[in-house]
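1. what shape does this take:
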Amino acid sequence: MLLNFLFLLFINVLHPFYISVTEVNHNAKTKTVEISAKIFFDDLEHQIEKDNYTSFDIINPKDKAKVNTLIAAYLKKHLQIKLNGKSVPMNYLGYEIQEDAAWCYLEIPKINKVSQITVFNDVLFELRSEQINMLNVTVAGKRQSTKLDVSDFNASFSF
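-> Numbers count the residues shown, from 1 in each chain. You can find the predicted model right below:
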């Protein structure tokens, strides 16, 4: 039993996992598509710092508006959504830190009906080739999910 525990500890220390979870939900009442992305904040911070040749503290930012601008720009480039075959801009709403993750919130307003959602998500793939991005999409109470990785970062869902 102790040996199993030590083995699992050894594996987790030497081979941590890299995963994000993105939820896409069509809210028929408010006619919006709500997007939330849960990303390990240290990896997100590191990638944005690397891309922008800057440093910041995502947990205790000196300038939260600047951090929000950096995260919004990163997500605009690496998380894109097409609804019913058309590219649509997302409004970045902000982020919050929960434990070891940053929850980033976005929305697409004025969406009456969704029959197809296509998602491009290569968040953190430049940082780690072993990154996996889980994707959950819900429309009219029907949920579909998939896993995206560095070899396949596009997914399409029909409802």
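2. what number of residues lie near L135?
-> Here the number of neighbours of L135 (other C-beta atoms under 10 Å) works out to 22. Quick note: C-beta positions are derived from backbone N, CA and C, even for glycine.
3. wait, I meant D57
-> 10.
4. could you report the pLDDT at it?
-> We have a pLDDT of 96 for D57.
5. can you give me the helices in this structure?
-> Here the chain has its helices, by DSSP state H, at 2-14, 41-52, 64-78.
6. mean pLDDT for those helices: which is lowest?
-> Among those, helix 2-14 scores lowest, at a mean of 45.
7. so what's the closest residue to H46 other than its chain neighbours up against?
-> Using C-beta to C-beta, 6 or more residues apart in numbering and skipping the chain neighbours, the partner closest in space to H46 is L127 (6.5 Å). Residues near L127 by C-beta atoms under 8 Å, 6 or more residues apart in numbering: 43, 46-47, 50.
8. low-confidence ranges, the protein, go.
-> Residue ranges of the chain with pLDDT under 70: 1-15.
9. in it, which residue is closest to the centre?
-> What sits nearest the mean C-alpha location of the chain, by C-alpha atoms, centre = their mean, is A37, with 3.4 Å.
10. contacting residues for that one?
-> Here A37 is in contact with 20-23, 75, 79, 103-104, 106, 123 (C-beta under 8 Å, 6+ apart).
11. pick the one among those closest to K31.
-> Set against K31, the nearest of the contacts of A37 by C-beta to C-beta is L106 (15.5 Å).
12. contacting residues for that closest one?
-> Neighbouring residues of L106 by C-beta under 8 Å, 6+ apart: 34-37, 75, 79, 90-93.
13. can you tell me which of the residues you listed are buried?
-> Buried residues within those, defined by neighbour count using 16 or more other C-beta atoms under 10 Å: 34-37, 75, 79, 90, 92.
14. inside strands: which ones of the residues you listed?
-> Using DSSP state E, the subset of these located in strands is 34-37, 79, 92.
15. distance to F153 added to these, as TSV?
-> Below are those laid out as TSV (distance: C-beta to C-beta, whole Å):
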residue	distance to F153
E34	21
I35	16
S36	18
A37	14
L79	10
Y92	20
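16. between these, which is nearest S158?
-> Nearest member of these to S158, counting by C-beta to C-beta, is I35, at 18.5 Å.
17. is it true that that closest one touches M90?
-> Yes: judged on C-beta atoms under 8 Å, I35 makes contact with M90 at a distance of 6.4 Å.
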